[in-house]
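>>> sequence first, then the predicted structure:
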Amino acid sequence: MPEPLRADLCVIGAGSGGLNVAAAGAQLGLSTVLIEGGEMGGDCLNSGCVPSKALIAAARVATQHRLSAAFGVDYAPPRIDFARVRAHVKEAIAAIEPHDSQARYEGLGVRVVRAMARFTGPDRLIAGEQEIAARRFCIATGANPAIPDIVGLDQVPFRTLNDIFDLETLPSHLLIIGGGSGGCELGQAFRRLGARVTILEMKCLLGDADPELVEVVRRRLCAEGVVLREGAQAISVSRQGANLRLTLQEDSKRDTIEGSHLLVAAGRVPASDGLGLEAAGIARQGKAITIDGRCRTSNRRVWAIGDVTGGPQFTHWASHQALVVIKSMMLRLPARTRPLILPRVTFTDPELAQVGMTEVEARAAGHDRLVVRRWPFAENDRAETDRTTAGFVKLVATPKGRILGAGIAGVSAGELIQSWSLALAAGLSLRAFTEMITVYPTLGDASKRAASGFYAERLLNDRTRRWVRWMARWS
Ligand SMILES: Cc1cc2nc3c(=O)[nH]c(=O)nc-3n(C[C@H](O)[C@H](O)[C@H](O)COP(=O)(O)OP(=O)(O)OC[C@H]3O[C@@H](n4cnc5c(N)ncnc54)[C@H](O)[C@@H]3O)c2cc1C
Ligand SMILES: NC(=O)c1ccc[n+]([C@@H]2O[C@H](COP(=O)([O-])OP(=O)(O)OC[C@H]3O[C@@H](n4cnc5c(N)ncnc54)[C@H](O)[C@@H]3O)[C@@H](O)[C@H]2O)c1
């Protein structure tokens, strides 16, 4: 048994959240231990954001021939070499890997321990053979795929978002359980690469998003041949020769579908089992570690961030929480997480991006006198030149122009939403957008037009016209 380690800070989990806290701890002069039981970089690098976006990029290239003819450019239909698509995905991971590597963190002065951690008391834990006592802890252990209760699922081969990127051949017919961000992004990508795809969603597609924006994505998925079965719950599955047969419940009806492969994308559950939380007096609700607005747990030495806290599951939310921990735990500054300014993006094509409240959320929060403004990309000159006119910008504001939320469905919505994120974070009103000079011709101009629409309606009325005519007499 090695000598127990003593540290100022011990971080558990080297993913999106934990890496930020560990780097800051070491750079601010704290003796810092980082414990990782799996791959450095966590879910985002190894089985989440990076491989999914790399696959989506390959799928986008595979659609070029369908879009090019309208521009007068003819390409032959592509031949997909799935082994090389997979190699591209692995290369993307490999290119980013050094940023999250053990060597880089050791270079920053972090002591890295590669083992699973388990608390043995309120101020200590064990990781493999190594005992570690620390003044402060930060738990950032992420989440695991949720496996729904489906009869026969334990008897058939299936993939989750964790291992779908290891597939060696393109499925001929991929059945996907779950029409959330994971199911939609990957469903469209596999379809574009040549697979038949059926998505089963027991509620409705991208259920947390604004339904009007979702409709833009839904239409495109259907047009590209993704079969959507909304309101269909997968209840049992069995083998049917080389295929899998899935039984679904739709209202009072039952139906079966067959496919070659099954992907379960039915959400993710906080990875808090096996952490010995009881020994450390750390409370949880279900599997989610309970935290306050500063990410502090019920043990005052211990903070928790990222997917394990059961809130929004995004890399940038884990990073935002990490910053709150750095400010409040290390720098003793007042800092709290700000869920209302969290942007969410689904990287389908078109993309669906939102920040702040949706119209439904704003009404539920008691904003009865809402102003809703939309600006379609069909009115945007750059979208016309580029033939990317699907979708629109939607704003939700108070009658005085305070921004409550913004949503965008369209090409590059994930990039375009950033200016709305900044506006919400900085407390800017719609007026700030009207005063911005946007570059012509850009898609970003649609944001300004949507904001201008809010004021134009007030300005372009009979009262203003009478006043302008009256003033004109004097000049
Ligand atoms: C397919 C997919 C696509 C996604 N795309 C996006 C996207 O485009 N944008 C976005 O913002 N988010 C995306 N996400 C979500 C994002 O990946 C997660 O929200 C993010 O990685 C959470 O970070 P984390 O630090 O909480 O956990 P993780 O990054 O998962 O890190 C947790 C780490 O803790 C380790 N660990 C667990 N238990 C222990 C233990 N007991 N001891 C030691 N180590 C332990 C794990 O091995 C892991 O490395 C996607 C997720 C998936 C599945
Ligand atoms: N672009 C992004 O930021 C991005 C992309 C992918 C994943 N993620 C994150 O990863 C996490 C996991 O993604 P996900 O898509 O698995 O989860 P999700 O929670 O977004 O969607 C899961 C869906 O599965 C459905 N479902 C569950 N059981 C079912 C059943 N038996 N039959 C039919 N439908 C069923 C649910 O109704 C839900 O809509 C999410 O929390 C998300 O935040 C983010």
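Cool, the structure landed. Ligands and ions are numbered 1, 2, ... in the order given.

>>> ok, which residues in the chain are in contact with ligand 1?
12-18, 35-39, 42-44, 48-49, 52, 116-117, 140-142, 161, 182, 271, 275, 306-308, 313-316, 318, 347 (C-beta under 6 Å from any ligand atom). (Each C-beta comes from the backbone N, C-alpha and C, glycine too.)

>>> these in strands, which ones?
In strands, judged by DSSP state E, the following of the residues of the chain next to ligand 1 are found: 12, 35, 117.

>>> dump the residues you listed to TSV, plus pLDDT, neighbour count and distance to residue 97.
Output for these, formatted as TSV (pLDDT from 0 to 100; neighbours: other C-beta atoms under 10 Å; distance: C-beta to C-beta, whole Å):
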residue	pLDDT	neighbour count	distance to residue 97
12	98	28	21
35	98	26	19
117	98	26	22
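
>>> which one of those residues sits closest to residue 449?
residue 12 (47.4 Å; C-beta to C-beta).

>>> for ligand 2, see how far away the closest one is.
Separation of residue 12 from ligand 2 (C-beta to the nearest ligand atom, to the nearest Å) stands at 20 Å.

>>> distance check, that residue against residue 325.
In this structure, residue 12 and residue 325 are 13 Å apart, going by C-beta to C-beta, to the nearest Å.

>>> check residue 31 too.
17 Å.

>>> what about the two, which has more around it?
Neighbours were counted for residue 31 and for residue 325 using other C-beta atoms under 10 Å; residue 325 has more, 28 against 17.

>>> where's that one, which helix or strand?
helix 315-325 (DSSP states H and E).

>>> need the ones in strands among the residues of the chain next to ligand 1 in TSV (columns: distance to residue 466).
What follows is these, written out as TSV (distance: C-beta to C-beta, whole Å):
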residue	distance to residue 466
12	68
35	72
117	73
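
>>> looking at these, spot the one nearest residue 229.
Nearest member of those to residue 229, counting by C-beta to C-beta, is residue 12, at 39.6 Å.

>>> wait, isn't the closest one in contact with residue 275?
Yes. Between residue 12 and residue 275 there is a contact at 7.5 Å, judged by C-beta atoms under 8 Å.

>>> what residues are up against residue 227?
196-199 (C-beta atoms under 8 Å, 6 or more residues apart in numbering).

>>> one more pass at 10 Å, please.
Counting by C-beta atoms under 10 Å, 6 or more residues apart in numbering, residue 227 touches 173, 175-176, 187, 191, 196-200, 221, 257.

>>> just residue 341 next, same as before
With C-beta under 10 Å, 6+ apart, residue 341 has these contacts: 320, 355-356, 420-427.

>>> put the buried members of those residues into a ChimeraX selection.
Here is the ChimeraX command that selects the buried residues among the contacts of residue 341 (16 or more other C-beta atoms under 10 Å):
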select :320,355,356,420,421,423,424
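
>>> and the contacts of residue 341, which of them are in strands?
Reading strands off the contacts of residue 341 with DSSP E, I get 355-356.

>>> closest one of the contacts of residue 341 to ligand 1?
Ligand 1 lies nearest to residue 320 out of those, by C-beta to the nearest ligand atom, at 10.4 Å.

>>> ok, for that closest one, nearest residue in space, not its chain neighbours?
What sits nearest to residue 320 in space, not counting adjacent residues and going by C-beta to C-beta, 6 or more residues apart in numbering, is residue 337, at 6.4 Å.

>>> and for the one you found, the neighbour number?
22.

>>> got the confidence number for it?
Here the pLDDT value assigned to residue 337 is 98.

>>> from ligand 1, how far out is it?
13 Å.

>>> doesn't that residue belong to a strand?
No. Assessed with DSSP: H, G, I helix; E, B strand; the rest coil, residue 337 is coil; it does not lie in a strand.

>>> contacts only, for the residue of the stretch 1-150 of the chain found nearest ligand 1.
Ligand 1 sits closest to residue 15 of the stretch 1-150 of the chain, with a gap of 1.9 Å, by C-beta to the nearest ligand atom. Counting by C-beta under 10 Å, 6+ apart, residue 15 touches 36, 38-46, 48, 100, 140-143, 271, 305-308, 315, 318.

>>> residues contacting stretch 416-426, please?
316, 338, 340-345, 351-357, 393, 395, 402-408, 410, 428-430, 432-433, 436, 438, 442-444, 446-448, 450-451.

>>> ok, back up a step: mutual contacts of residue 12 and residue 325, please.
With C-beta under 10 Å, 6+ apart, residue 12 and residue 325 have common neighbours 138, 140, 304.

>>> quick one, what contacts the residue nearest the centre of the chain?
Among the residues of the chain, residue 314 comes closest to the average C-alpha position under C-alpha atoms, centre = their mean, at 4.5 Å. By C-beta under 10 Å, 6+ apart, residue 314 lies in contact with 16, 44, 48-49, 181, 306-307, 320, 342-345.
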